[in-house]
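*Asks:* model this:
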Amino acid sequence: MPKISKLWLEPIQGYDPWKNAKGFHFDQKVASGVCKYFEDNFKHSTGEWSNKPFILERWQKKIVGHLFGWKRKDGTRRYRELFLYIPKKNGKTQLAAGLALIFMGADNEPGAEVYCASGDTEQAGIIFDAGSYMVEHNKKFKKAFTVRRGYRRISYPAKLSYWKVLSSNAKTKHGPNVHGLILDEIHIFENYELIETLRRGTISRRQPLTICLTTADYVRESPCNTMLANAKKIRDNSGADNPFYLPVIYEADPEKDDWTSEETWKKVNPNYGVSVKRDYFVAEVADAKQQPTRENSFKRLHLNMQTKQENRWMNMADWDLSGQKINIDDLKGKKCFGAFDLSSTNDITSFGLFFPEYPAILPWFWVPEATAKKRIEYEIWTKDGYIEVTKGKTIDDAAIRNKIIELKQVYDFNKIAYDSWGAARLAKVLGDDDGFEMIEFRQGYKSMNEPTKELEKLVINHGLVHFGNPVLRWMVSNANAVYDPAGNVKLSKPTKDSPLKVDGVIALVMAYGLSIASKTEEKSVYDLKEEDMAKVLKEMYGK
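*Replies:* Here you go, the predicted model:
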């Protein structure tokens, strides 16, 4: 029996596959053969390595070799599930694409059904696109496989096998006979329904394999965090004995690891210096130090540190250090952009003008008469002239309209951003009857992301003039930064039912975003789909 190579004897991120290996044997020839198959047949699809052979890094060889090299007594695979917990940009997409093609065409499984799914269909399609490229850039594969990109399906007619991308709707996924299953970005999944539906589809296969890939989730109850806790127990032999489960966990310790240290970056990113670039991390950390909202995003996405989903957006000490001292009268006749955020019908509503020349913001606020009496702050701010009270129990759209028309005579603006939710009627009147250019500004992550981040930079550098408006200050202090899985940010109340309001700061972000969009030749950039608008902003900022 040949001596086992040191590569296969080393632990994988604290997990020792040899420790509970009774009843299994390791076939070094198979392990090495599959790694060689990878490198001989697959090419990278993106970046500087595009169309170059996929040479596995040492950490990738360990995963591939152990997945295929460990055998049961009957010759089938030992492992039935891989949990790979790894930060972004470490090559998991390319690795998963190669594994999917092996499951379908080189795993000695006639009629193999391979599925790739995520909580978001487009995310699942990213691995498929990488696999399609690998097929199309291999002469042998191109003849044997059929790629149908429109249907997100690759077929291998010789063995009646195929690989298919699934949507996130679990109700339509009953019945598949799964040989290979790739679940990408587990932190996107909101519940176990789709995961368990597809796992049950592996029951009738001889040696099915499920690949779970993810970066860190927020601190919350979720499938990702439950799976992570279980994987750690298996890795540490602490209450979960499962010899069929391969846990590979890359994460920084928030208590012990310095997130700004290159030593930590290397520890957590196995492709550091390869697909993960030092210069990028240096720049990201520098930005994160200046922008609190970006610190948590960097920690979660690039160091796999779990963070709270909601984070206070602004350091109020920075907010209070307003920009250059100017008089409000200096803004008369100056170019500006408007935005309003209508609250529910019986609470505070705001309108703001953003003046890019200074830059400066002027806000106005309204509350119904009945609401003004319910909060002592509203009463004080009304008395001081910062809030206008409208008659009745609900917001009076006519009062807002009249004020906007009045402001038009003082300041130079015609474009007004609005959220169609609850504001469509007022926007139509202002557009059709009063001649304003009304631009719908969607409230999704991608629309709000760049204006929010750039506004934060402006405030941190003490460049925004806001004249110390106490209502706006209160709303800024209430605003929480909330992230999507991709690290895009938008602002919200601390909780859905919180009595704290953020309408004024949302209007500020929208008006600022409108001024950004005006720098392009696109007349109505915020009428575009969110993803298209994000491309425009990306081109403008060059990053």
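*Asks:* pretty sure Val147 sits in a strand.
*Replies:* Yes - Val147 sits within a strand when classified using DSSP: H, G, I helix; E, B strand; the rest coil.
*Asks:* against Phe42, how distant is it?
*Replies:* Distance of Val147 to Phe42, computed by C-beta to C-beta, to the nearest Å: 14 Å. Any C-beta I mention is one placed from the backbone N, CA and C, and that applies to glycine too.
*Asks:* and Lys232, what element?
*Replies:* Using DSSP states H and E, Lys232 sits in helix 223-236.
*Asks:* tell me where the stretch 101-250 of the chain has helices.
*Replies:* Secondary structure of the stretch 101-250 of the chain (DSSP state H, counting those that start in this stretch): helices at 121-136, 139-144, 193-200, 223-236.
*Asks:* most tightly packed of those helices?
*Replies:* Across these, averaging neighbours per residue (mean count of other C-beta atoms under 10 Å) puts helix 121-136 on top, at a mean of 21.
*Asks:* how far is that one from where the chain is centred?
*Replies:* The chain centre lies 19 Å from the centre of helix 121-136; the measure is C-alpha atoms, centre = their mean, to the nearest Å.
*Asks:* tell me which of Val147 and Phe42 has more neighbours.
*Replies:* Phe42 (27 against 20; other C-beta atoms under 10 Å).
*Asks:* which residues are in contact with that one?
*Replies:* 53-54, 94, 97-98, 101, 134, 138 (C-beta atoms under 8 Å, 6 or more residues apart in numbering).
*Asks:* what of Cys35?
*Replies:* Neighbour list for Cys35: 56, 61, 64-65 [criterion: C-beta under 8 Å, 6+ apart].
*Asks:* and the residue nearest in space to the middle of the chain, what's its pLDDT?
*Replies:* Against the mean C-alpha coordinate of the chain, by C-alpha atoms, centre = their mean, the closest residue is Ala486 at 1.7 Å. We note a pLDDT of 76 for Ala486 in this prediction.
*Asks:* Gln324 now?
*Replies:* Note for Gln324: predicted pLDDT of 71.
*Asks:* over to the one 4 residues further on?
*Replies:* Per-residue confidence at Ile328 stands at 92 (pLDDT).
*Asks:* so it sits right up against Gly468, yeah?
*Replies:* No - Ile328 is beyond contact range of Gly468, at 11.2 Å (criterion: C-beta atoms under 8 Å).
*Asks:* distance from stretch 187-203 to the middle of the chain?
*Replies:* Its chain's average C-alpha position is 20 Å from that of stretch 187-203, according to C-alpha atoms, centre = their mean.
*Asks:* sorry, slip of the keys, the one I care about is stretch 139-146.
*Replies:* Distance, stretch centre to chain centre, for stretch 139-146: 34 Å (C-alpha atoms, centre = their mean).
*Asks:* any idea of the mean pLDDT for that stretch?
*Replies:* The predicted model gives stretch 139-146 an average pLDDT of 94.
*Asks:* what does it contact?
*Replies:* Residues from elsewhere that reach stretch 139-146 (C-beta under 8 Å, 6+ apart): 41, 101, 105, 134-136, 154-158.
*Asks:* change it to 6 Å
*Replies:* Contact with stretch 139-146 is made by 135-136, 154-156, as judged by C-beta atoms under 6 Å, 6 or more residues apart in numbering.
*Asks:* same thing with stretch 147-157?
*Replies:* 104-105, 125, 128, 132, 135, 145-146, 162-165.
*Asks:* so what does the residue nearest to Ile126 when sequence neighbours are not counted look like in phi/psi?
*Replies:* Nearest in space to Ile126, with sequence neighbours left out and distances taken as C-beta to C-beta, 6 or more residues apart in numbering, is Thr93 at 5.8 Å. When quoted as degrees, to the nearest 10, the phi and psi of Thr93 stand at phi -60, psi -50.
*Asks:* from what I see, Thr93 and Asp129 are in contact.
*Replies:* No - using C-beta atoms under 6 Å, Thr93 is not in contact with Asp129, being 8.8 Å away.
*Asks:* distance of the closest residue in space to Trp18 that isn't next to it in sequence from Ala231?
*Replies:* The shortest distance from Trp18 to any non-neighbouring residue, by C-beta to C-beta, 6+ apart, is to Leu9 (7.1 Å). To Ala231, Leu9 is 22 Å away according to C-beta to C-beta.
*Asks:* still on that earlier bit, ok, now which ones touch the closest residue to the residue nearest to the centre of the chain other than its chain neighbours?
*Replies:* Spatial nearest neighbour of Ala486, excluding adjacent residues (C-beta to C-beta, 6+ apart): Tyr445 at 7.7 Å. The contact partners of Tyr445, taken as C-beta under 6 Å, 6+ apart, are 484, 488, 490.
*Asks:* for those residues, which entry has the maximal number of neighbours?
*Replies:* Of all those, the highest neighbour tally under other C-beta under 10 Å goes to Lys490, namely 22 neighbours.
*Asks:* where does that one sit: helix, strand or coil?
*Replies:* Using three-state DSSP, the structure places Lys490 in strand.
*Asks:* surely it is in contact with Met448?
*Replies:* Yes - with contact defined as C-beta under 6 Å, Lys490 reaches Met448; the gap is 3.8 Å.
*Asks:* only C-alpha atoms, please: export the biggest strand by length in the chain in CSV.
*Replies:* The residue-count maximum for a strand in the chain (DSSP state E) belongs to strand 360-368. Extracted in CSV, the C-alpha atoms of strand 360-368 (Å, rounded to 0.1, in the frame of the first residue of the first chain):
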residue,chain,number,x,y,z
ALA,A,360,-26.7,71.9,1.8
ILE,A,361,-30.1,70.5,2.7
LEU,A,362,-33.3,72.3,3.7
PRO,A,363,-36.2,70.1,5.1
TRP,A,364,-39.8,70.8,5.8
PHE,A,365,-42.2,68.7,7.9
TRP,A,366,-45.9,68.2,8.3
VAL,A,367,-48.1,66.4,10.8
PRO,A,368,-51.9,66.1,11.1
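*Asks:* perfect, I'm done here.
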